[in-house]
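Q: Quick one, fold the following:
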Amino acid sequence: MELLHSRIIGEGRPLLILHGFLGMSDNWKTLGNLYTKNDFQVHLIDQRNHGKSFHSENFDYETLANDLKSYMANHNIPKANLIGHSMGGKTAMQFACSNPKLVEKLIVADIAPKYYPPHHSEIINGLVALNLETIASRSEADNALASHISNMGIRQFLLKNLYWVEKGKLGLRFNLPVLQYKMEEIGENISSTATFTGETLFLRGDKSEYILQNDFDTIKIHFPKATISTISNAGHWLHSENPKEFFSKTLDFLNR
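A: Next up is the predicted model:
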């Protein structure tokens, strides 16, 4: 059985953090270090087909949740707090509903338990068009992506996945050949009958449209104890756009 790659920092209560689509554990390094100063042992996890974790043709939320269950068993974690952003939030929701006894508290960042139509095609097209056989630097890769993706912040986020496979040859950490064909899976919902009755916090960015007012009732059906809160001056990447408020609200919830 292949196990997820992670970076484990700090000592104390286990806190497992799951990144979003095309992200990786390093995206959470700064916030992770803050949680360690508040008596948490933080597990920054790369989900399959992302970061330094293994690549696989299988990719859906049930599979991702099972990866997390295997990870906890391997690291002898009987119960943990979970934070998941976007795709990672869907994984965390699925995991909590399937394994409620393994979850202390659940935090879901800017994603709702509903189906989202594929909406990353522009990003995927830009990545597929990258010719890493000829690109020799991060700036060259950025210039090539710019013709597809105008948002510099998104390009910088994506290019964090760029690494030297060997001297003179660049590669991308995520498994693009599989992920580009699994776009429907990324948007899929958790099971319609799935519920988690533990303490849950949903956070949404005030500039994001991922969690709308009319999603609140659906959230409460699946997560009856859910609190829904809004992070100011933040879009979908609310943890990086307003880390201070994100950290404050999550820490208050975890310590409540």
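Q: Look up how far residue 80 lies from the closest residue to residue 69 other than its chain neighbours.
A: Taking C-beta to C-beta, 6 or more residues apart in numbering as the measure, residue 69 lies nearest to residue 99, with 5.9 Å between them; neighbours along the chain are not counted. Any C-beta I mention is one placed from the backbone N, CA and C, and that applies to glycine too. Distance of residue 99 to residue 80, computed by C-beta to C-beta, to the nearest Å: 10 Å.
Q: more neighbours, these two?
A: Under the criterion of other C-beta atoms under 10 Å, the comparison of residue 99 against residue 80 puts residue 80 first, with 22 against 16.
Q: Phi first, then psi, for the more buried one.
A: Here is the backbone geometry of residue 80 (degrees, to the nearest 10): phi -140, psi 160.
Q: could we number from 17 for the rest of this?
A: Fine by me, first position is 17 from now on; the one you just mentioned is residue 96.
Q: what pairs with it across the strands?
A: Beta-bridge pairing of residue 96 under DSSP bridges involves residue 119.
Q: Contacts only, for it.
A: When contacts are counted by C-beta atoms under 8 Å, 6 or more residues apart in numbering, residue 96 touches 30-32, 59, 88, 118-120.
Q: got a markdown table for those, with pLDDT and neighbour count too?
A: As requested, these are arranged in a markdown table below (pLDDT from 0 to 100; neighbours: other C-beta atoms under 10 Å):
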| residue | pLDDT | neighbour count |
| --- | --- | --- |
| 30 | 98 | 20 |
| 31 | 98 | 26 |
| 32 | 98 | 27 |
| 59 | 98 | 25 |
| 88 | 98 | 20 |
| 118 | 98 | 18 |
| 119 | 98 | 22 |
| 120 | 98 | 15 |
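Q: I'd like those as a markdown table, with distance to residue 45 appended.
A: Written out in a markdown table, the entries for the contacts of residue 96 read as follows (distance: C-beta to C-beta, whole Å):
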| residue | distance to residue 45 |
| --- | --- |
| 30 | 17 |
| 31 | 14 |
| 32 | 15 |
| 59 | 12 |
| 88 | 21 |
| 118 | 25 |
| 119 | 23 |
| 120 | 22 |
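Q: of those residues, closest to residue 259?
A: Each of the contacts of residue 96 was scored against residue 259 by C-beta to C-beta, and residue 31 proved nearest at 15.7 Å.
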